[in-house]
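J.: have a look at this fold, sequence not included:
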DNA sequence: AGCGTTTGCTCGAAATAGTTAGCGACCCGG
DNA sequence: CCGGGTCGCTAACTATTTCGAGCAAACGCT
């Protein structure tokens, strides 16, 4: 009700993002669950977009993954529900090359960032 | 359990903040409720710290009050649990520009990726 | 082969977020 | 003094999140 319809997409994106981060950190569901003080099945459900976690849980997960909670909240659509800004210059090759060449990142961080980027593009390209 | 005990404070702070903003906008509980598509009693309970609203409701309230949802989330304790207040631009337009300009990403994805990137760089610069 | 552990998942029950209905207190016009 | 209006709040109910217990498949080990 209310304003449903596209929230599901956001949820799935959030879940895939969390999963990609967890795998990148070589953690099992139970590892992450323990580190975040959340039950393992619940993490599983969140990763598959079946539930919308509360801010408390979101914060715990973010902390357990060693990242700011803003990132996860951004996934949930913290900004405008309607992504209409009005300026789309486009043009330019994908960010992959720039990430891979950035000297401010460690190799692991580059890997992680590229993984996230690819997961985004993949999710984006699915019909 | 877990790490509770201070969450109540945050909740009350959030509630008082919302109430003050609502009063400043000369709105009644019912006005705000209607504008945010939430029931009036629930707003009342939130304002008195009896419940922790979900991100969905939080976003609606923020929008109805004409402010960014970040502000309300910050009230909820989004800030660093580690009393470190340093968030600096630092400048390093390496991959940032490429990510921001990538046309294969949705606006939300761009923001997320940028947030991850910045968190990496920040962690990197930390002793 | 077998045993034990770990992986991710499904299925219910408990806790909590959220709603609809309605109450007493207050204000203003008649 | 009575309606009719709004104000914020409480009570009872429904919907959702979150948890604990247990399952099948896949792993290594002797």
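T.: Thanks, I have the structure now. Here the structure is a predicted model, which means the values were calculated and not measured.
J.: any chance you could map the helices in chain A?
T.: For chain A, the helices identified by DSSP state H occupy A:7-24, A:29-36, A:40-47, A:55-64, A:69-75, A:96-101, A:107-125, in order along the chain.
J.: tell me the most buried of those?
T.: Mean neighbour counts were taken over the helices of chain A using mean count of other C-beta atoms under 10 Å in any protein chain shown, and the top value, a mean of 23, falls to helix A:69-75. (Each C-beta comes from the backbone N, C-alpha and C, glycine too.)
J.: tell me who's in contact with the closest residue to residue A:71 other than its chain neighbours.
T.: Beyond its immediate neighbours in the sequence, the residue positioned closest to residue A:71 (C-beta to C-beta, 6 or more residues apart in numbering or on different chains) is residue B:115, lying 4.4 Å away. Residue B:115 makes contact with A:68, A:70, A:71, A:74 under the criterion C-beta atoms under 8 Å, 6 or more residues apart in numbering or on different chains.
J.: quick one on the thing from earlier: could the helices of chain A go into TSV alongside mean pLDDT and distance to residue B:21?
T.: What follows is these, written out as TSV (pLDDT from 0 to 100; distance: least, C-beta to C-beta, whole Å):
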stretch	mean pLDDT	distance to residue B:21
helix A:7-24	83	25
helix A:29-36	94	31
helix A:40-47	95	31
helix A:55-64	91	19
helix A:69-75	78	20
helix A:96-101	76	40
helix A:107-125	73	34
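J.: around DNA strand D, which positions in chain A sit nearby?
T.: When proximity is defined as C-beta under 7 Å from any atom of the strand, chain A approaches DNA strand D at A:37-42, A:45, A:51-54, A:56-57.
J.: of these, closest to DNA strand C?
T.: Looking at these and their distance to DNA strand C, the nearest is residue A:41, at 3.3 Å (C-beta to the nearest atom of the strand).
J.: tabulate the helices of chain A (CSV), appending distance to residue B:31.
T.: As requested, those are exported to CSV (distance: least, C-beta to C-beta, whole Å):
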stretch, distance to residue B:31
helix A:7-24, 25
helix A:29-36, 38
helix A:40-47, 35
helix A:55-64, 25
helix A:69-75, 27
helix A:96-101, 47
helix A:107-125, 39
